[in-house]
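Enquirer: please work out how this folds:
(2 chains)
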Amino acid sequence: GNSVTQMEGPVTLSEEAFLTINCTYTATGYPSLFWYVQYPGEGLQLLLKATKADDKGSNKGFEATYRKETTSFHLEKGSVQVSDSAVYFCALSGVTAGNKLTFGGGTRVLVKP
Amino acid sequence: GAVVSQHPSRVICKSGTSVKIECRSLDFQATTMFWYRQFPKQSLMLMATSNEGSKATYEQGVEKDKFLINHASLTLSTLTVTSAHPEDSSFYICSAPDRGMTEAFFGQGTRLTVV
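Expert: Prediction:
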């Protein structure tokens, strides 16, 4: 079956530091890949997505590239802000992009001023 | 983007009572909705797929008699936790894909505490 593995947190950074959260997946066929963000006390928001190999998703300074050869979708941001403190989830959809999602364990990121 | 509204955002109930959680797609129709459960400091686990006008599809290990799902219209799905127990305390969150099934939109989630 499908599975997603992402690095465990928490990750604590200083403002303006570089952030990387690793995500690898196992899936049959060609899944769509997503990063969701969950701010404290809130639901999930789609941060970015990629639907085919070599696609790069980007939003709010965050980027992730769909690497089929390494089955990875690592999230990066060059300069984090305190407002980026949240839990980040890597996910995949094995059928169509809006279909049920398989999530990684989530990575809590704390950015200190 | 599309909006999914979930209500209530927080509920505390006594053991043995039932709690209903509503998930509404506000500006689009959703023939399918998904219900997830999130344990503290853990990831989201899919509980069931709610299908408008038909029975929900439950994931393995989820008790269908305990977690009743009704999808009575194209904009509303409800999850009822029956005879709740403290171990049912969790964060429940719904999502609905858009018509083209290209993106899933999530509700704000419901934190259930059973005392």
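
Enquirer: quick check: residues of chain A near chain B?
Expert: Residues of chain A found near chain B (Cβ under 8 Å from any Cβ of the partner chain) are A:36, A:42-46, A:49, A:89, A:93, A:96-106, A:108. For every residue, glycine as well, the C-beta is placed using N, CA and C.

Enquirer: buried subset of those residues?
Expert: Taking 16 or more other Cβ atoms under 10 Å in any protein chain shown as the criterion, what is buried in the residues of chain A next to chain B is A:36, A:43-44, A:46, A:49, A:89, A:93, A:97-106.

Enquirer: what's near enough to touch the residue sitting nearest the centre point of chain B?
Expert: Geometric centre of chain B, nearest residue: B:Trp35, 3.8 Å, by Cα atoms, centre = their mean. Counting by Cβ atoms under 8 Å, 6 or more residues apart in numbering or on different chains, B:Trp35 touches B:23, B:46-50, B:67, B:69, B:77, B:79, B:92-94.

Enquirer: any idea how far B:Thr78 is from it?
Expert: Distance of B:Trp35 to B:Thr78, computed by Cβ to Cβ, to the nearest Å: 10 Å.

Enquirer: what is in contact with the two at once?
Expert: Going by Cβ under 8 Å, 6+ apart, residues that sit against B:Trp35 and also against B:Thr78 are B:23, B:69.

Enquirer: hang on, the earlier thing: mind checking how far the residue nearest to the centre of chain B is from B:Tyr58?
Expert: 9 Å.

Enquirer: which neighbours do those two have in common?
Expert: Common neighbours of B:Trp35 and B:Tyr58 (criterion: Cβ under 8 Å, 6+ apart): B:47-48, B:67.

Enquirer: from the residues you listed, which land in strands?
Expert: B:47-48, B:67 (DSSP state E).
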